[in-house]
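Chemist: Predicted model, plus sequence, below.
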Amino acid sequence: MTHPSTQHDWTPPAQHPGADPLDHAFLADVAAGGVRLTPEQGLTLLQRAPLSTLGRFADARCRALHADRLRTYVIDRNINYTNICTAKCTFCAFRRDGDEHDAYTLEPEQIHQKIAELSAIGGTQILMQGGMNPALPLDWYLDLLAGIKERFPYIHIHAFSPPEFIEFVHFFNPPGDTLEDKLRWVMVRLKEAGLDSLPGGGGEIFAPAVRRKIGLGKCDAEAWLTTMYVAHSLGMFTSATMMFGHIEGHADRIHHMDLVRQWQDRVLSNAANGLPTSGNTAPGAWGHYKAFISWPFQRENTPLGRLREWGQTDPAELDLPFPGDVAARVDGSGTKDLHPEFGRRLRMSGSTDYLRTQAVSRLMLDNIFSIGASWVTMGPHIGQVALHYGANDMGSVMMEENVVSSAGTTYCLDEAVLCMLIRDAGFTPAQRDNTYDLLAVHDGPDAPDRRVTDWSQHRAQRLHAQNAEPIESAVVPVTVSGSES
């Protein structure tokens with residue numbers, strides 16, 4: 001099967017709602033790309049399929065798209081340019097109001113220095129995201145992007161997630177009759193200044209009942225997806241993400257994947273039908289989602305993490321449905337009133353649940369080429385195992401990350417270790433760029449891992465952190481059923 005990212009006649013596979021998703025013959029058709037899972041079938045797989053079955057068919061789907069040999073990584077750097085933020089997401093330990101002693105906004109020269117350090121190790125991309133800081137005018141961003149491109153024209157700028165763009169609309173009050181118009185006005189100017197693509201940050205969980213609980217002040221699913229649609233209409237390639245393992249139900253995860261799949265179908269259809277893109281009349285010049293990355297919620301230092309875990313103090317609860325599952329619907333229509341404990345209790349995700357969720361995402365998202373392994377949150381060896389559960393990409397060497405690591409995750413690997421993990425999983429490591437085009441295939445004796453003579457110098461290290469000192473003022477109240485606790 002030719003993947004939609006390489007053709008202009010994409011037609012979604014047929015669905016067979018009456019088929020048993022646990023039937024191996026049916027799953028073989030899904031893995032081959034001939035059948036599309038319904039949301040209900042995806043939910044059945046997530047909840048009931050044996051882990052080995054999910055791994056087998058997610059891996060088969062991955063191999064159908066990416067063959068058996070290469071698995072990729074990228075050398076980039078996360079630059080969190082400010083931690084001042086108007087949102088009060090209960091899962092975040094990174095944000096600051098602006099008057100704390102460790103609130104910051106980086107100066108352009110500080111950002112340039114970080115990029116110079118990235119360039120020195122062969123990096124090709126920066127992933128630049130920050131808090132939603134109302135003190136920064138549009139010209140600050142335009143000057144920053146232009147300055148980076150002037151000094152580092154070869155660096156791909158992957159920056160500003162959808163929640164940031166929605167706040168740009170609020171902060172800058174651009175002209176336009178619709179949100180799409182306003183987003184396009186801002187995005188065109190940032191693109192002209194040097195922005196190359198958008199990251200998928202802020203996806204979290206799209207279901208309204210969950211999103212209203214965990215993302216106070218953050219844009220809703222429609223706004224998030226619209227932002228990405230505008231980016232695609234400008235020919236940009238983006239990623240989509242999902243953060244799970246907190247108050248959501250399993251059906252909420254499937255709903256999230258299904259929405260991403262629906263909007264991806266839309267842009268691929270636009271390209272197939274030759275619909276002109278914004279500012280470009282060439283048929284098929286649309287962008288689309290290049291990758292989907294999911295990871296479990298990290299609870300340390302976060303308000304959401306203070307909620308009691310389901311079954312932790314009363315094991316009998318484990319025989320009862322989790323409140324999030326009771327409230328969740330695969331169409332996103334679940335409401336908080338369906339269980340009195342919804343939003344008050346956590347169901348954390350471990351290694352098995354992570355691998356199950358990733359495998360299902362590979363089988364559900366038949367129109368997205370790449371699935372990323374989240375070794376940053378799960379650890380290097382689970383990330384390595386994830387290459388046999390549908391992932392084809394190990395992500396970045398992660399020389400810096402401040403948001404997730406604020407909640408307790410500190411894994412950091414260099415290129416040699418990343419290559420070694422891929423090779424030990426049975427694949428050949430290959431460095432890629434933002435569009436997943438290969439830059440180097442490491443199959444010779446000069447590969448980064450094969451040049452190592454002393455592995456003791458290549459152990460996992462703590463990530464560089466712009467602010468490593470935790471403070472109590474990072475805590476914000478959790479809103480539960482209209483009250484604060």
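Modeler: All right, it came through fine. Bear in mind the structure is a predicted one, so any value in this text is a computation, not a measurement.
Chemist: tell me the contacts of Phe292?
Modeler: When contacts are counted by C-beta atoms under 8 Å, 6 or more residues apart in numbering, Phe292 touches 200, 239-242, 257, 260, 361, 365, 368, 370-372. Just so you know, the C-beta spots here come from the backbone N, C-alpha and C atoms, and that holds for glycine as well.
Chemist: which among those residues gets closest to Pro39?
Modeler: Among the contacts of Phe292, Met257 lies closest to Pro39 (C-beta to C-beta), at 8.1 Å.
Chemist: element containing that closest one, please.
Modeler: When elements are defined using DSSP states H and E, Met257 is found to belong to helix 250-272.
Chemist: Quickly name whichever of the contacts of Phe292 is closest to Ile155.
Modeler: Of all those, Ser239 has the smallest distance to Ile155: 17.7 Å, by C-beta to C-beta.
Chemist: the strands in the stretch 201-350 of the chain, which residues?
Modeler: Secondary structure of the stretch 201-350 of the chain by DSSP state E, counting those that start in this stretch: the strands cover 215-216, 238-244, 289-296, 308-309, 345-346.
Chemist: what angle separates the helix holding Met257 from strand 289-296?
Modeler: Using axes from the mean of the first three to the mean of the last three C-alpha atoms, to 10 degrees, the inter-axis angle of helix 250-272 relative to strand 289-296 is 170 degrees.
Chemist: I'd like to know which elements helix 250-272 is packed against.
Modeler: Here helix 250-272 is seen to pack against helix 39-48, helix 221-233, strand 238-244, strand 289-296, helix 323-327, helix 351-364 when contacts are counted using 3 or more C-beta pairs under 8 Å, 6 or more residues apart in numbering; DSSP states H and E.
Chemist: contacts for the strand or helix carrying Leu145?
Modeler: Leu145 belongs to helix 138-151 when elements are defined using DSSP H and E. With C-beta under 8 Å, 6+ apart as the contact definition, helix 138-151 has outside contacts at 81, 108, 111-112, 115, 126, 155, 157, 159-160, 168, 171-172, 186, 189-190, 193-195.
Chemist: Mark which of the residues you listed are part of strands, please.
Modeler: 126, 157, 159 (DSSP state E).
Chemist: I'd like the residues you listed as JSON lines, with pLDDT and distance to Arg432 appended.
Modeler: Written out in JSON lines, the entries for the ones in strands among the contacts of helix 138-151 read as follows (pLDDT from 0 to 100; distance: C-beta to C-beta, whole Å):
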{"residue": "Ile126", "pLDDT": "94", "distance to Arg432": "15"}
{"residue": "Ile157", "pLDDT": "97", "distance to Arg432": "17"}
{"residue": "Ala159", "pLDDT": "95", "distance to Arg432": "18"}
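Chemist: still on that earlier bit, need the contacts of Phe292 in TSV with neighbour count, pLDDT and distance to Val385, can you?
Modeler: Formatted as TSV, the entries for these read as follows, by neighbours: other C-beta atoms under 10 Å; pLDDT from 0 to 100; distance: C-beta to C-beta, whole Å:
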residue	neighbour count	pLDDT	distance to Val385
Gly200	22	95	23
Ser239	23	96	22
Ala240	27	97	22
Thr241	20	97	20
Met242	22	97	19
Met257	27	98	21
Val260	27	98	24
Ser361	29	98	15
Leu365	24	98	20
Ile368	24	97	21
Ser370	23	98	18
Ile371	26	98	14
Gly372	28	97	14
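Chemist: before we move on, back to that, only the buried subset of the contacts of helix 138-151, as a PyMOL command please.
Modeler: Only the buried entries of the contacts of helix 138-151 go into this PyMOL selection, using 16 or more other C-beta atoms under 10 Å:
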select buried, resi 81+111+112+115+126+155+157+159+160+168+171+186+189+190+193+194+195
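Chemist: Where helices are concerned, which of the contacts of helix 138-151 count?
Modeler: Using DSSP state H to define helices, the subset of the contacts of helix 138-151 located there is 108, 111-112, 115, 168, 171-172, 186, 189-190, 193.
Chemist: residues contacting the nearest residue to Phe244 once chain neighbours are set aside?
Modeler: Counting by C-beta to C-beta, 6 or more residues apart in numbering, the nearest residue to Phe244 once its immediate chain neighbours are dropped is Arg253, at 5.3 Å. Going by C-beta under 8 Å, 6+ apart, Arg253 touches 46, 205, 242, 244, 357, 360.
Chemist: circling back to that earlier point, just put the ones in strands among the contacts of helix 138-151 in TSV and tack on distance to Gln15.
Modeler: As requested, the ones in strands among the contacts of helix 138-151 are arranged in TSV below (distance: C-beta to C-beta, whole Å):
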residue	distance to Gln15
Ile126	40
Ile157	38
Ala159	36
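Chemist: Identify, from those residues, the entry nearest to Arg63.
Modeler: Of all the ones in strands among the contacts of helix 138-151, the one with the least separation from Arg63 (C-beta to C-beta) is Ile126, at 31.4 Å.
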